[in-house]
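Novice: sequence plus the predicted model coming up.
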Amino acid sequence: YRFGEKRRYHSASVGKVMTATLILQLVSEGRLRLDDPLTTLVPQADWAELFVVDGVDLADQVTVEHLLSHTSGAADYFEGKTNAPRSFVDEIIENPDQFWTPAALLDYSRRFQRPVGRPGERFNYSDTGYVLLGRIIEEATAQSLGAALHERVIGPSGMAESCLLFRTLPGGEVSDVQDPAAALD
């Protein structure tokens, strides 16, 4: 790295603020409500088996507000307890070239984790819940999360050099990244 050279920086969970902002914009426009059930907003393939507690699927009790406030009961794919052969963090260290789509992240949680509680029962930080919010945005706007964020949050905020890592480039163009590790250079 040389002084003055531009490099991409992965802001990680700061993206949750932008996701929440966009969700609340959609609420203020009347396109969503905070008490809308998850099951009415995205296809079943997204939420299936993520909210089964004591043999009962509680997905129809999960609301937009639960997802925003980390009280949906969803496990956290990134740092949550898992029955996988290794943690998710170890998985990404071991396989740095693996490209994780939202469907793959939800599938990881579905296969290797269990809910941490019933919807509304308790707080548990959940990256998985925010993947679901991204899918809600995509369904509500008929755009990719990256395109919607650029159009409605990143662009209007004047963050011209910002992008959604591995998904968009500054300005909103879709990224054609084939090697995620190279995208950080």
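Specialist: Right, received. Where do you want to start?
Novice: what's the closest non-adjacent residue to Trp47?
Specialist: Spatial nearest neighbour of Trp47, excluding adjacent residues (Cβ to Cβ, 6 or more residues apart in numbering): Ala59 at 4.7 Å. Every residue, glycine included, has its C-beta placed from N, CA and C.
Novice: the one you found against Pro43, yeah?
Specialist: No - with contact defined as Cβ atoms under 8 Å, Ala59 does not reach Pro43; the gap is 11.8 Å.
Novice: more crowded one of those two?
Specialist: A count of neighbours by other Cβ atoms under 10 Å puts Ala59 above the other of Ala59 and Pro43, at 22 against 10.
Novice: relative to Phe88, how far out is the more buried one?
Specialist: Ala59 sits 22 Å away from Phe88, going by Cβ to Cβ, to the nearest Å.
Novice: show me the contacts for the residue nearest to Trp47.
Specialist: Contact analysis of Ala59 by Cβ atoms under 8 Å, 6 or more residues apart in numbering lists Pro37, Leu38, Thr39, Trp47, Ala48, Leu50, Phe51.
Novice: now list the buried members of those residues.
Specialist: Pro37, Leu38, Thr39, Trp47, Leu50, Phe51 (16 or more other Cβ atoms under 10 Å).
Novice: returning to what we had before: with pLDDT added, can I get the contacts of Ala59 in TSV?
Specialist: Formatted as TSV, the contacts of Ala59 follow (pLDDT from 0 to 100):
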residue	pLDDT
Pro37	98
Leu38	98
Thr39	98
Trp47	98
Ala48	97
Leu50	98
Phe51	98
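Novice: all set, thanks.
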